[in-house]
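*Asks:* For reference, the sequence and a predicted model appear below.
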Amino acid sequence: MNKTKPRLTRDDLVGYFRSAVVPAEANRIGVEYELFCLETESRRRLGYEGVPGIGWLLSRLLAIGGGSPVEEDGRIVGIDHPDYSVSIEPGGQLEASFPPCRSAAEFSAGLDLYLSRLREAAGSEVVLIAAGADPVTPFAEVPWVPKRRYRIMRRYWEGRADLSHHMMTQTAAVQVSIDYNSEADAVAKLATAVSLSQVLTGIFANSPVYQGEYRCTGSFRKNIWCRTDRERSGIPAGCGGRIGSFADYVDYALSVPMLFILRDGRLEELEERFTFGDFLDRGLGGRFPDLEDWRRHLNTIFSLVRFNNTTLEVRVFDSNRPELAAAIAALVKGVFYSGREFSPLAGPAELAAAARANLDREDRRFLDPVDRLIREGTAPADAALRAFRAGGPDSLLESLRI
């Protein structure tokens, strides 16, 4: 006899986060690395179609490095590979995600492998740019990727938050996921990430120029992300108070409107404002949520720090050159797994020293670029701005090319 599946409860959602607790010896870091792709001659962003185009580039990467294609409506929109997975952001930015690593050295090796194959796939037709925001392409000229998820999100934000579409198509980041060893540890790491967000962004700021203009900040990407959607962005998002438990975060996430719902294996728009709490309490069309719906919903919270699935994501970093992406991984590992508490006034030198003290010799070397920036009192944004002022957009793009 078939039994009715028990409905998901708030306690189940809290338990979902608690089930992700791991012992300290199992701590890992997971890194996502995003890049812009420009056509070599015109310096225009690649659209999906055509040669060169994003679909063409993914097909070449698949042929060179192997893996399995991810497809939607007959188009390749990603690659699953044992060493990395690749997906497309709304404006054609490439996002590479790497398996959880024990060390920055392990991540760096995976990144080097991916980039060597991507450069071969790009050939002479495509320029790969690492920056927090596209410095030269006007927003109106960015081609949107033909994915249903992004079409729904684009329509959702029309007429709403002022820079939400810019976040989707014009930004690129390095995102680091960390484990937590108890609920108290998770809450403490969230608070640390929030209090240190400004200094962490500043160390690696790499988006001073946007749409051909200096924006009077090292990281205009952060400005865009914080002006995306008041209900789901910020640091963390509009939680209305300190997050002191998993239950607090669940209550916040329940209050966030859903962007879409999965029906018959296909994402569908919602016709009116509908929070996950509404879905949990009264269902929709006779259907109530399961944990896959919850995981999908958590992925639509775009705060600079968030609980996402089984980790805490620190998303405050502009995209940067590969050696600085590895430095970000090392710094996050060293700081957040040190067991130390940090003042909100902690500076770059204090954080770098704390990280170095908590890393082994192999990983400490990845902090050398951070130490150099600290000695010079600069950020990547300073070099980018110098290049822009010296030679305009072409000089800037060359300085950001990887």
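*Replies:* Okay, I see it. Numbers count the residues shown, from 1 in each chain.

*Asks:* hey, which strand is longest across the chain?
*Replies:* Across the chain, the longest stretch assigned as strand under DSSP state E is strand 29-39.

*Asks:* other SSEs contacting that strand?
*Replies:* Counting contacts by 3 or more Cβ pairs under 8 Å, 6 or more residues apart in numbering; DSSP states H and E, strand 29-39 packs against strand 94-97, helix 104-122, strand 126-129, strand 173-178, helix 322-336. Just so you know, the C-beta spots here come from the backbone N, C-alpha and C atoms, and that holds for glycine as well.

*Asks:* what's the helix or strand for Glu71?
*Replies:* strand 68-72 (DSSP states H and E).

*Asks:* Just the C-alphas of the next helix or strand after that strand, formatted as CSV.
*Replies:* Next helix or strand after strand 68-72 toward the C-terminus (DSSP H and E): strand 75-81. Output in CSV follows, covering the C-alpha atoms of strand 75-81 (Å, rounded to 0.1, in the frame of the first residue of the first chain):
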residue,chain,number,x,y,z
ARG,A,75,22.1,23.4,-26.3
ILE,A,76,25.2,22.7,-24.3
VAL,A,77,25.1,25.0,-21.2
GLY,A,78,27.8,23.3,-19.1
ILE,A,79,30.3,20.6,-18.5
ASP,A,80,30.5,18.0,-15.8
HIS,A,81,34.1,16.8,-15.4
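
*Asks:* how distant is whichever helix or strand Ala253 is part of from the center of its chain?
*Replies:* Element membership for Ala253 (DSSP H and E) is helix 246-254. Distance, stretch centre to chain centre, for helix 246-254: 21 Å (Cα atoms, centre = their mean, to the nearest Å).

*Asks:* Please apply the same query to stretch 331-350.
*Replies:* The answer for stretch 331-350 is 21 Å, by Cα atoms, centre = their mean.

*Asks:* list the buried ones in that stretch?
*Replies:* Leu331, Val332, Lys333, Gly334, Val335, Phe336, Tyr337, Ser338, Arg340, Phe342, Ala346, Pro348 (16 or more other Cβ atoms under 10 Å).

*Asks:* Contacts for it next, please.
*Replies:* Defining contact as Cβ atoms under 8 Å, 6 or more residues apart in numbering, one finds that stretch 331-350 is touched by 24, 27, 29, 103-104, 176, 178, 188-189, 192-193, 195-196, 199-200, 202-203, 314, 351-352, 354-359, 363, 367, 370, 373-374.

*Asks:* In strands, which of the residues you listed appear?
*Replies:* Ile29, Val176, Ile178, Val314.

*Asks:* quick one: the first one from Pro90, how far?
*Replies:* Shown here: Ile29 relative to Pro90, a distance of 26 Å by Cβ to Cβ, to the nearest Å.

*Asks:* The spatially most central residue of the chain bridge partners, please.
*Replies:* Central residue of the chain (Cα atoms, centre = their mean): Gln175, 4.4 Å from the mean position. Gln175 has the following beta-bridge partners by DSSP bridges: Glu32.

*Asks:* Return the per-residue confidence for it.
*Replies:* pLDDT, Gln175: 98.

*Asks:* Spit out the contact partners of it.
*Replies:* Val31, Glu32, Glu313, Val314, Arg315, Phe317.

*Asks:* Going by distance to Leu163, which of the residues you listed wins?
*Replies:* Arg315 (16.0 Å; Cβ to Cβ).

*Asks:* what's the burial count for that closest one?
*Replies:* Residues near Arg315, counting by other Cβ atoms under 10 Å, number 22.

*Asks:* surely it meets Phe307?
*Replies:* No - assessed by Cβ atoms under 8 Å, Arg315 is found out of contact with Phe307, at 11.7 Å.

*Asks:* one step back: more neighbours: Ile29 and Pro90, which one.
*Replies:* Set Ile29 next to Pro90 and count neighbours by other Cβ under 10 Å: Ile29 wins out with 25 against 21.

*Asks:* Which residues are in contact with the more buried one?
*Replies:* With Cβ under 8 Å, 6+ apart, Ile29 has these contacts: Pro100, Cys101, Ala104, Phe107, Val176, Ser177, Ile178, Ala329, Val332, Lys333.

*Asks:* out of those residues, which is most surrounded?
*Replies:* Ala104 (30 neighbours).

*Asks:* which ones are touching that one?
*Replies:* Ala104 neighbours (Cβ under 8 Å, 6+ apart): Ile29, Ala326, Ala327, Ala329, Ala330, Lys333, Leu359, Asp363, Phe366.

*Asks:* Any chance of TSV for the residues you listed, columns pLDDT?
*Replies:* Formatted as TSV, these follow (pLDDT from 0 to 100):
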residue	pLDDT
Ile29	98
Ala326	98
Ala327	98
Ala329	98
Ala330	98
Lys333	98
Leu359	98
Asp363	98
Phe366	98
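
*Asks:* how near is the residue nearest to Ile235 when sequence neighbours are not counted to Ile261?
*Replies:* Take Ile235 and drop its neighbours on the chain: the residue closest to it by Cβ to Cβ, 6 or more residues apart in numbering is Leu304, 4.5 Å away. Separation of Leu304 from Ile261 (Cβ to Cβ): 26 Å.

*Asks:* So between those two, which is more surrounded?
*Replies:* Ranked by neighbour count (other Cβ under 10 Å), Leu304 and Ile261 place Leu304 first, with 25 against 20.

*Asks:* so the more buried one sits right up against Arg232, yeah?
*Replies:* No - in this structure, Leu304 is not within contact of Arg232 by Cβ under 8 Å, at 11.3 Å.
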